[in-house]
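> no sequence on this one, just coordinates:
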C-alpha cells in the first residue's frame, strides 16, 4: 500500500467516540472488540470446564456404583453387609452430581459446543486476531469496523441463545455437539409417545450455531480484506509475521467451511419445524413404532456437510496457535524463524488439504472401502505440512539463546501437546484401526490433545505475551510459571490416560458402566485418576484468574517493548492509542519480522520499522 493511500486511510478513519457506551460497549475499535471477544471466550471456557468437572464426578460416581452393585450380587439380601452396601449405592445415586442418562448427554453436548465454538474458534481469531492483525500489518483499524462490531454482537447473541437452552422446557439438547440426525432432526413429539432430544433446547442449539456461522462469515471477510488491502508501506506479504499468515489462512478456512455448516443447520431447522425430510429417512421406526411416515432424507448428508466444516474447524482452532508458536519460539530463542517461506507454504498446505479429509470422521458410516482408503491416504498427506512446521520449530530453537519466560513455556507446551495429540491421528486416519477406536476414549483423548488443550495453550501464550501491550502492565512471572506447570502436567495425565482407556475398548458418551469389564478395578482406577486430575487442573485455573486480576491492579509497569520483539505492535505505546500509532502516522517497514541476532548489529534484534541502515552491510541477507 502506498504512503498516499495510507494517508488517505488515516484521513477517513473513524474518530474515538466520547460516549462510554459507544467507546467500550458498542465500539467499532478493533482493540475493544478484540478484548470483548477474549472476555466472552474466557467466560465460555470456565462454563465449559465446569460442565466437564460435573460429568467427570458423575462418571466416577457411576464407577463406584457399578462396583458396589457387583459386590451386592454376592451377598444375601437382608444381611447387614447387604444393607450397608445398599445404603452406599442409594447415597451415591442421590448425590448432587448424579445425572440421568439424558441429562448426562445434554451436559456433554453443551460442553463440546461451548468449547468448540465459543472458545476454540472465538479467542484465537476474534480475540487476538482482531486486536493485533491491524497493528501487525500497520493499519489503523480493520477494513470494515462496523461489520467487525456486528460480528462480535452476533457471536454474543449466539452465546446467549445457546445458554438459554439450559432453561427451556425439555432442557439442553442431547444429540451430541455434532448434532447427528435423525436424533437431532426429529421433533419432540410425533403423536406416538416418542420424546426427542431436547425440544426447544435442540432448536436453540441449531439457531445458535446458525447465528455463529453468520458472525464468522462476516468476520472472515473482514480479516481477508484487512490483510490484503491495508498493509502499510513496505509490509509485503513475505514480511508479514507468521501470526498474520495464520489469521489470514484461518479466515479463508472459516469463509469456506462455516458457509456449509450454516446451510446444514438451516436444513436441520426445517426438518425439525416444517416437516421437511432432508435428513430424516422414510420408514423410521423407534421401539417398533413408525416415527415419521414419509420418504426422503439421508442422515449421512448431514454428516458429510458437518464434517466438511468439522475438519477445517480443527485447523481454525489450531492454525492461529501455530502462527503464534512460531512467533514466540523465534522471539524467545533470539533466532530467525527457521525456513520462514516453508512455514508460510505449510500453513497454506494445511488449509488446502484440510478440505479433503473429512471422510475419516465417517469410516463407520458404511462408506466404500475404496473411498475410505482414499481418505486415509489424504489424512497421511495432510500430516506432511504439519511435520514441516514441527521440524522448523525445532530448527528455530536449536542453538538459540533461549529465554525460558512464561510465553516461551506456553509456546513449547503448545508444540508438545500438538505433536503428542497428532500421533494418535496417525492411527485414527487408518480405516481398519479407526473402526475399533472410533467410539472409544482414544478419540476423546486425541482430539482434546490436538484441538482442545493445544489451542488453549496457544491462548495462554498469547495472553501472557500480549498482556503488557494491551494493559501496559506485566503479568506476574512466578504465577504464570506455576499455572503453566500445573496445567501442562494435568492435561497430559488426563488425556494420555484416556488414550489407555480407549486401547482397552472403553466406549465414549456412556453415562454409566453398561458392560461388566467397565466396572473392573482397572477401569474404575483410570476414571479415578482422570477425575481427580481434572479437578486439580480446573482448580489450577484459579491461578490464572488471580494472576490476571492482580496484574491488572498492581502489575509491574511494562515498557513499549518488554520482550524485545520485532513486529509492529511493539513499535507503538503500551497500550496503543485509539489510532494504533502516534498521531495516526503509519510506520514504514524496512525489515523482515524475525531479524534476531544479526551479526554486527547494535543490538540483538532489528525491528521492522527500524531504518534500513540498522542492518549492517556486513550482515548476511535475511532468510
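Cool, got the structure. This structure is a prediction, so every number in the text was calculated from the model and none was measured.
> could you pull out the helices for the stretch 201-350 of the chain?
For the stretch 201-350 of the chain, the helices defined by DSSP state H, counting those that start in this stretch occupy 242-273, 299-333, 340-353.
> return the most buried member of those helices.
Highest mean neighbour count of the helices of the stretch 201-350 of the chain: helix 299-333, a mean of 24 (counted as mean count of other CB atoms under 10 Å). All C-beta spots, glycine's among them, are computed from the backbone N, C-alpha and C.
> tell me what that helix is packed against?
Applying 3 or more CB pairs under 8 Å, 6 or more residues apart in numbering; DSSP states H and E, we find helix 299-333 packed against helix 242-273, helix 340-353, helix 369-397, helix 406-428, helix 454-471.
> among the helices of the stretch 201-350 of the chain, which is nearest residue 114?
Among the helices of the stretch 201-350 of the chain, the nearest to residue 114 by CB to CB is helix 299-333 (13.5 Å).
> ok, the closest residue to residue 558 other than its chain neighbours - contacts?
Distances taken as CB to CB, 6 or more residues apart in numbering put residue 468 closest to residue 558, at 3.3 Å, once the chain neighbours are dropped. Residues in contact with residue 468 (CB atoms under 8 Å, 6 or more residues apart in numbering) are 474, 475, 558, 559, 562, 563, 574.
> distance of the first one from residue 574?
In this case it means residue 474. 10 Å (CB to CB, to the nearest Å).
> what does residue 370 give?
The span separating residue 370 from residue 574 equals 58 Å under the rule CB to CB.
> what's the burial count for the closest residue to residue 241 other than its chain neighbours?
Distances taken as CB to CB, 6+ apart put residue 593 closest to residue 241, at 4.2 Å, once the chain neighbours are dropped. Counted by other CB atoms under 10 Å, the residues lying close to residue 593 total 29.
> and residue 593, how far is that from residue 609?
Taking CB to CB, one finds residue 593 at 11 Å from residue 609.
> then residue 232?
Plainly put, residue 232 is 9 Å away from residue 609 if you go by CB to CB.
> mutual contacts of those two, please.
Residues touching both residue 232 and residue 609 (CB under 8 Å, 6+ apart) are 568, 587, 588, 589.
> mind listing the helices for the stretch 1-150 of the chain?
Along the stretch 1-150 of the chain, counting by DSSP H, counting those that start in this stretch, helices occupy 3-12, 20, 30-72, 80-93, 101-113, 130-136, 145-164.
> what's the angle between the longest one and helix 80-93?
Here helix 30-72 points in a direction 160 degrees away from that of helix 80-93 (axes from the mean of the first three to the mean of the last three CA atoms, to 10 degrees).
> quick revisit: which one of the helices of the stretch 201-350 of the chain lies nearest to residue 548?
Comparing these by CB to CB, helix 299-333 comes nearest, at 18.6 Å.
> tell me the mean pLDDT for that closest one?
On average, the pLDDT along helix 299-333 is 97.
> same deal with stretch 102-112?
Stretch 102-112 carries an average pLDDT of 94.
> please apply the same query to stretch 184-193.
Mean pLDDT, stretch 184-193: 61.
> can you check stretch 218-234 too?
Stretch 218-234 comes out at a mean pLDDT of 97.
> residues contacting it, please?
Residues external to stretch 218-234 that are found in contact with it (CB under 8 Å, 6+ apart): 1-3, 6, 9, 125-126, 129-130, 133-134, 137-140, 142-144, 147-148, 150-151, 154, 237, 240, 244, 247-248, 250-252, 254-255, 258, 568, 586-590.
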